[in-house]
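Engineer: how would this look folded up:
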Amino acid sequence: MHLQTRIRSRKGFTLIELLVVIAIIAILIALLLPAVQQAREAARRTQCRNNLKQLGLAVHNHEQAYGYVPSWVRDIKQADYPGGWPAGNPYGQRTTFGTLWHLLPYMDQATYYQNFDMKRSYLDPVNMPAPYGTQNAQMMGTPIPAFLCPSTPGSPPSDYGPYLQSVGLGSGAPMITPRTDYVPLRGLHSSLAACAGLPATSTNNAFFGRVDNATNKEDNWKVKFSEVTDGLSNTICLVELAGKQKRYFRGIPTPGSTLLDGGLGLNSFFGDVNVARHARGLSGATIADPGQAGCGFINIYNENNPYSFHTGGVHALFGDGSVSFLSENMSVIVFAGLLSRDGGETVSQQ
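Structural biologist: Purely as a prediction, here's the structure:
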């Protein structure tokens, strides 16, 4: 019998072909990944804008309800304070919650708002959690999503405990407070005013600005829309100042991890009056001295100035409820004009 040998061909990839396919897939993923990241950032920017629009509606609803919007600071008169000003409180014993706090009832946060005593300071024991006071710690520490920009890197809530210890309140135990990435500005710091060709003195005529001194801020804390004589559409209401309690310089966290070594800052709790800042003139030259004077002001350092984690600028809410993107290359003269509510300048958002 004649035997025949059948040779069967095997189908499949050679090692070289397999490596080529893997390389092609890797190249396609590398090309696709930036597009996916851009899409995600676009969605985050949209949410960030929507947060500011929600805050704009709250500002207008507050003004319609009361005929004014709350300036950045208000001291409670001794005669109006239950039992008089609290003793043994070396800081903030007369100051009520800040501007953003008073917007809570117009942001579907009335329950949150009503848990606190508005006749008392935000540093009164009635309004602080244990071991500093009697307020519910979970309520006090609950974040408000509308105050947080999703483009901001994840960071823990603010802890005011070490600072309170430094001024004689408590033992440094944590006092957890929810952050805000959106703030009112009080005006221009003298360093930035000089860059805009103005007198080298700090201004207090931003949308929520008022003079901060004992004789004025008790009664001089109501800002009416009629006082915004530059026009609501030409006046910045709130801006992004993101990333606190961590300090950032040009997108990079500053060295350190505590208040003492400069890695952390304060003015991050949305109910704190001091989230309202004077925008400063910065050089932006070195992280070793992030506050070095110069004439830059956007996306350099998040201690006092407009700052975001978006490429190229920050979002700003204007008095008419519109939201615009302010370029980090914006002219300081234009910015100064948009920040003042009654400067009489003719400017555009360029």
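
Engineer: alpha carbons only for contacts and neighbour counts from here, please
Structural biologist: Fine.

Engineer: state the helix or strand in which the residue nearest to Y182 when sequence neighbours are not counted lies.
Structural biologist: With sequence-adjacent residues excluded and distances taken as Cα to Cα, 6 or more residues apart in numbering, Y182 is closest to E240, at 4.5 Å. Here E240, judged by DSSP states H and E, is contained in strand 236-240.

Engineer: helices along the stretch 201-350 of the chain, start to end?
Structural biologist: 332-339 (DSSP state H, counting those that start in this stretch).

Engineer: got the buried residues for the lowest-mean-pLDDT helix or strand in the chain?
Structural biologist: One helix or strand of the chain scores below all others by mean pLDDT, DSSP states H and E: helix 161-166, with a mean of 84. Along helix 161-166, the positions that meet the burial threshold by neighbour count (16 or more other Cα atoms under 10 Å) are 161-164.

Engineer: repeat that for stretch 167-181.
Structural biologist: Quick answer for stretch 167-181 (16+ other Cα under 10 Å): 169-170, 172-181.

Engineer: of those, which is the nearest to N51?
Structural biologist: D181 (10.2 Å; Cα to Cα).

Engineer: residue contacts, the closest residue to the closest one other than its chain neighbours?
Structural biologist: Nearest non-adjacent residue to D181, counting by Cα to Cα, 6+ apart: A242, 4.1 Å away. Residues in contact with A242 (Cα atoms under 8 Å, 6 or more residues apart in numbering) are 149, 152, 180-182, 302, 306-309.

Engineer: kindly report the same for T134.
Structural biologist: Neighbours of T134 in contact, by Cα under 8 Å, 6+ apart: 125-128.

Engineer: tell me, how many residues neighbour the residue nearest to N220 when sequence neighbours are not counted?
Structural biologist: Using Cα to Cα, 6+ apart and skipping the chain neighbours, the partner closest in space to N220 is R210 (7.1 Å). For R210, the neighbour count with other Cα atoms under 10 Å is 22.

Engineer: the strands in the stretch 51-200 of the chain, which residues?
Structural biologist: With strands called from DSSP state E, counting those that start in this stretch, the stretch 51-200 of the chain shows them at 69-70, 158-159, 176-177, 182-183, 185-188.

Engineer: quick one: contacts of the first one?
Structural biologist: Going back to what we said before, that points to strand 69-70. Residues contacting strand 69-70 (Cα under 8 Å, 6+ apart): 59, 62-63, 99, 102, 208, 221-225.

Engineer: if we can go back for a sec, just how off-centre is the strand holding E240 within its chain?
Structural biologist: Computed by Cα atoms, centre = their mean, to the nearest Å, the separation of strand 236-240 from the middle of its chain amounts to 9 Å.

Engineer: and T152, backbone torsions?
Structural biologist: Dihedral angles of T152 (phi, psi; degrees, to the nearest 10) stand at phi -70, psi 130.

Engineer: count the neighbours of it for me.
Structural biologist: 16.

Engineer: thought S308 was touching it, still the case?
Structural biologist: Yes: judged on Cα atoms under 8 Å, T152 makes contact with S308 at a distance of 7.3 Å.

Engineer: between these two, which contacts overlap?
Structural biologist: With contacts defined as Cα under 8 Å, 6+ apart, the residues shared by T152 and S308 are 242-243.

Engineer: residue nearest the centroid of the chain?
Structural biologist: D181 (2.4 Å; Cα atoms, centre = their mean).

Engineer: give me the pLDDT for R94.
Structural biologist: pLDDT recorded at R94 is 76.

Engineer: who's in contact with L232?
Structural biologist: Residues near L232 by Cα under 8 Å, 6+ apart: 225, 318-320.
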